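Q: Could you work out the structure for the sequence below:
(chains A and B)
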2 protein chains.
Amino acid sequence: MTKDKYIGIDLGGTKILTAVADDNGEIIARVKLATETELGQERIKKNIFKSIYKVLEKTDIKIEKIKSIGIGSPGPLNVEKGIIYESANLPIKNMEIVDLIEKETGINTYLQNDANTAALGEKVFGVGKEADDLLYITISTGVGGGIIINGKIYYGHTGNAGEIGHMTVDPTGPKCGCGNYGCLESFSSGTAIKNMAKKAIENDESTLIKKLAKDQKLSAKLVAKAAAKGDQKALDIFAKAGYYLGIGIANLVNIFNPEMIILGGGVLKAKEYFLDRAKEEFKKRALKAPADIVKIKEAVLEDEIGVKGAIALAMQKVEG
Amino acid sequence: MTKDKYIGIDLGGTKILTAVADDNGEIIARVKLATETELGQERIKKNIFKSIYKVLEKTDIKIEKIKSIGIGSPGPLNVEKGIIYESANLPIKNMEIVDLIEKETGINTYLQNDANTAALGEKVFGVGKEADDLLYITISTGVGGGIIINGKIYYGHTGNAGEIGHMTVDPTGPKCGCGNYGCLESFSSGTAIKNMAKKAIENDESTLIKKLAKDQKLSAKLVAKAAAKGDQKALDIFAKAGYYLGIGIANLVNIFNPEMIILGGGVLKAKEYFLDRAKEEFKKRALKAPADIVKIKEAVLEDEIGVKGAIALAMQKVEG
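A: A predicted model of the protein is given here:
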């Protein structure tokens, strides 16, 4: 039997999205299960297995037809050994996920962190199709990144490359979750935007943010609502996030001279409040030659970026 | 006749260093000529040709034995087309150097910028032999960089990657030669150290720097002399350069997760005044996983780093 189908798994903190695809990477069926993190590591493993069987059940594809499986997961992880060391959003400790899946299914399995997988997804199936050297920046709870060089994920010597959110862009900046001060993530992530809003409330700087925060949880989304109503403090917060994002992009353009930079992540939904500011600062700071040629694009795969990236991972690994 | 010899050319602002090497990359003969930049582009070209013939004359190797030529040059340049666009240190404008050498000699010729060539030199013949993913940082008049990924130079989409000196490390920092503010180069280069000393003289902050500057040209070397005598301002200047260099290294380690970072360039002669400070800041700011595994080394090829890199370029291109 020719093995010509692939499975991609997007392991997230709240859901597991699993899909089966043909040899063009077209999704034939998909299934979404709750991760059930609250029930522990063993349950997460079982839910991953369940998602594989469920997605196959939805089609008439036999498991023997599956050539390989790709899985994207939050890190840090060991790509070569297939281990998820731990994760802020998953109660996981040294989970040998590749081994577990391979033993359960008998299918070759490949692991990458979620930002790298997303980058690969956009490269293979999304806006990055024509580009061989590209960077993907996700602006979400944190700021993450994936590096594609010569059409392949560059994951560094021990699988931890692409931590562009932890590039210092202002050494006297706020404390970041990583312990450092002034990381890009401490200025431009959803969490950073929320923190700036929290400070604004404490300092009584915006009545609208304060007012909205009475009924809703404080978040970047709430700040975007205030910005939409013209609240100056909310607009300033996004402008600051955009300013530092622009510095980060300029640094990456100078270092990588990439063909394309792809921006993704949930905070991009509020792009009208910070993206122009980011591009302006980037243009001001980057060297002319690489700035002139780089294309700054937005991710197009939306909620399926992770699972499509995982499919691409499965396919790419087989080809490489 | 088997073509099993290689020529490397290190084109610099004051000298052209050309060497012929065997198929192990061992230098058989070398020749150093003045670039004679003051006599213009045509003369520079003739001096490059002359250096090739002279180095062959020194041996009994016929030109027919040369398999390929590598040349390292200041940029910006077009690697694919083999053109040096222009250079701060050479009176060159759109010099089609690869074409010119190939027409003159009939030998395949490869061009890279000098920082990339130096990186390759250390990778192939120097301290980076065992590392496949490494970064080379040169701290000299400016701050430059070369990126080696999978044992090969990564030069980006249009040949301008590796401009790590123009990463913003403090957005409110001094104006850089590139027009931006707060580049790593504006804090940690020889020029930056000189500029800080100049300011110290203007502000009357160091009698020793001022005193030394009466007899000698102000330079990073002069500041190092003052530091050697315990001058506090000179020590502070180097500490500041080291602080920002540490931030730059931390950023690169977080982004690339490299196996090795190699530091080179003339300012490293004064390393006792800034290298520990740089390493301390790097350790404080980098993520633990990539910081723990990266080896921070010093370049070992010294004055021959450029020409050895050019030989490696010639050899690598043939193999690739």
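
Q: Give the pairing partners of the helix or strand where A:Ile84 lies; include direction for each.
A: Using DSSP states H and E, A:Ile84 sits within strand A:83-86. If you go by DSSP bridges, strand A:83-86 pairs up with strand A:77-78 (antiparallel), strand A:93-95 (antiparallel).

Q: Mean neighbour count, those strands: which tops it?
A: Of all the strands paired with strand A:83-86, strand A:77-78 has the most neighbours on average by mean count of other CB atoms under 10 Å in any protein chain shown, namely a mean of 22. (Glycine included, C-beta is placed from N, CA and C.)

Q: quick one: contacts of that strand?
A: Residues from elsewhere that reach strand A:77-78 (CB atoms under 8 Å, 6 or more residues apart in numbering or on different chains): A:83-85, A:111, A:113, A:158-159.

Q: can we see that at 7 Å?
A: Residues outside strand A:77-78 that contact it (CB atoms under 7 Å, 6 or more residues apart in numbering or on different chains) are A:83-85, A:111, A:113, A:159.

Q: and what of stretch A:115-129?
A: With contact meaning CB under 7 Å, 6+ apart, stretch A:115-129 is reached by A:25, A:72, A:131, A:134, A:136, A:138, A:144-148, A:151, A:153, A:155, A:162, A:260, A:262, A:264, A:297, A:299-301, A:305-306, A:308-310, A:312-313, A:316.

Q: how far is that stretch from where the chain is centred?
A: Taking CA atoms, centre = their mean, to the nearest Å, one finds the center of stretch A:115-129 at 11 Å from the center of the full chain.

Q: Could you list the buried residues of the strand holding A:Ile84?
A: Neighbour-count burial for strand A:83-86 flags A:83-84 (criterion: 16 or more other CB atoms under 10 Å in any protein chain shown).

Q: returning to that earlier point: filter the contacts of stretch A:115-129 down to just the ones in strands.
A: Under the assignment DSSP state E, those contribute A:72, A:134, A:136, A:138, A:144-148, A:153, A:260, A:262, A:264, A:297 to strands.

Q: can you narrow these to ones near chain B?
A: Among these, no residue sits close to chain B (CB under 7 Å from any CB of the partner chain).

Q: Listing request: residues of the stretch 51-200 of chain A with sub-threshold pLDDT.
A: Across the stretch 51-200 of chain A, nothing is flagged by pLDDT under 70.

Q: Please work out which residue of it is closest to chain B.
A: Closest residue of the stretch 51-200 of chain A to chain B, CB to the nearest CB: A:Gly156 (2.7 Å).

Q: for chain B, what are the nearby residues on the stretch 51-200 of chain A?
A: With the criterion set to CB under 7 Å from any CB, the stretch 51-200 of chain A comes near chain B through A:76, A:133, A:149, A:154, A:156-158, A:160-164, A:166-171, A:178, A:180.

Q: Drop anything exposed from the residues you listed.
A: The neighbour count (16+ other CB under 10 Å) marks A:76, A:133, A:149, A:154, A:156-158, A:160-164, A:166-171, A:178, A:180 as buried among those.

Q: I'd assumed A:Thr172 was in a helix, is it?
A: No: according to DSSP: H, G, I helix; E, B strand; the rest coil, A:Thr172 belongs to no helix; its state is coil.

Q: ok, now which ones touch the residue nearest to A:Ser87 when sequence neighbours are not counted?
A: With sequence-adjacent residues excluded and distances taken as CB to CB, 6 or more residues apart in numbering or on different chains, A:Ser87 is closest to A:Pro74, at 4.2 Å. Contact analysis of A:Pro74 by CB under 7 Å, 6+ apart lists A:87-90, A:113-114.

Q: Buried subset of those residues as a PyMOL selection?
A: Per 16+ other CB under 10 Å, the buried members of those correspond to this PyMOL selection:
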select buried, chain A and resi 87+90+113+114
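
Q: from the contacts of A:Pro74, which single one is nearest A:Ala21?
A: Nearest to A:Ala21 out of these is A:Asp114 (CB to CB; 18.1 Å).

Q: pretty sure that closest one contacts A:Gly306?
A: Yes: judged on CB atoms under 7 Å, A:Asp114 makes contact with A:Gly306 at a distance of 5.9 Å.

Q: mind giving me the domain split of chain A?
A: Following automatic domain parsing, one gets these domains for chain A: A:5-122+A:303-319, A:130-299.

Q: Let's have those in JSON lines, adding distance to B:Ala239.
A: Shown next, in JSON lines, are the domains of chain A (distance: least, CB to CB, whole Å):
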{"stretch": "domain A:5-122+A:303-319", "distance to B:Ala239": "32"}
{"stretch": "domain A:130-299", "distance to B:Ala239": "14"}
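
Q: nearest to B:Leu245, of those?
A: When these are compared by CB to CB, domain A:130-299 sits nearest B:Leu245, at 12.2 Å.

Q: first vs last residue of the closest one, how far apart are they?
A: End-to-end distance for domain A:130-299: 14 Å, by CA to CA, to the nearest Å.

Q: go on, stretch A:6-16?
A: This stretch, stretch A:6-16, spans 16 Å end to end (CA to CA).

Q: That one: which residues count as buried?
A: The neighbour-count check on stretch A:6-16 (16+ other CB under 10 Å) flags A:6-12, A:15-16 as buried.

Q: that older thread, contacts for the strand holding A:Ile84?
A: Under the criterion CB under 7 Å, 6+ apart, residues A:73, A:76-78, A:92-97 lie in contact with strand A:83-86.

Q: ok, now how distant is the closest residue to A:Ala270 other than its chain neighbours from chain B?
A: Excluding the flanking residues, the one nearest A:Ala270 by CB to CB, 6+ apart is A:Ala224, at 3.8 Å. Separation of A:Ala224 from chain B (CB to the nearest CB, to the nearest Å) stands at 24 Å.

Q: Can you say which helix or strand has A:Ala224 in it?
A: helix A:220-228.

Q: other SSEs contacting that helix?
A: If you count contacts as 3 or more CB pairs under 7 Å, 6 or more residues apart in numbering or on different chains; DSSP states H and E, helix A:220-228 packs onto helix A:190-202, helix A:207-215, helix A:232-256.

Q: Help me confirm that A:Ile52 comes into contact with A:Thr18.
A: Yes: assessed by CB under 7 Å, A:Ile52 is found in contact with A:Thr18 at 6.2 Å.

Q: Spell out which residues of the stretch 201-320 of chain A are next to chain B.
A: A:247, A:250-251, A:254-259, A:285, A:287, A:289-290, A:293.

Q: To which secondary structure element type does A:Ile69 belong?
A: At A:Ile69 the chain is in strand, as set by three-state DSSP.

Q: Show the contacting residues for it.
A: For A:Ile69, the contact set (CB under 7 Å, 6+ apart) comprises A:7, A:9, A:101, A:107, A:109, A:314.

Q: Can you name the helix or strand that the first one falls in?
A: What that stands for is A:Ile7. In this structure, A:Ile7 sits in strand A:5-11 according to DSSP H and E.

Q: What is that strand packed up against?
A: By 3+ CB pairs under 7 Å, 6+ apart, strand A:5-11 packs against strand A:15-21, helix A:41-57, strand A:66-73, helix A:305-319.

Q: Figure out which of these is closest to A:Ala34.
A: Comparing the helices and strands packed on strand A:5-11 under CB to CB, the one sitting nearest is strand A:15-21, at 6.0 Å.

Q: Give me the distance from whatever helix or strand comes next after that closest one to the chain's centre.
A: The helix or strand immediately downstream of strand A:15-21 is strand A:27-34, counting by DSSP H and E. Relative to its parent chain, strand A:27-34 has a centroid offset of 19 Å by CA atoms, centre = their mean.

Q: Could you report the neighbour count for the residue of the stretch 201-320 of chain A found nearest chain B?
A: The stretch 201-320 of chain A approaches chain B most closely through A:Asn257 (2.7 Å), counting by CB to the nearest CB. Using other CB atoms under 10 Å in any protein chain shown, A:Asn257 is surrounded by 26 other residues.

Q: Perfect, I'm done here.
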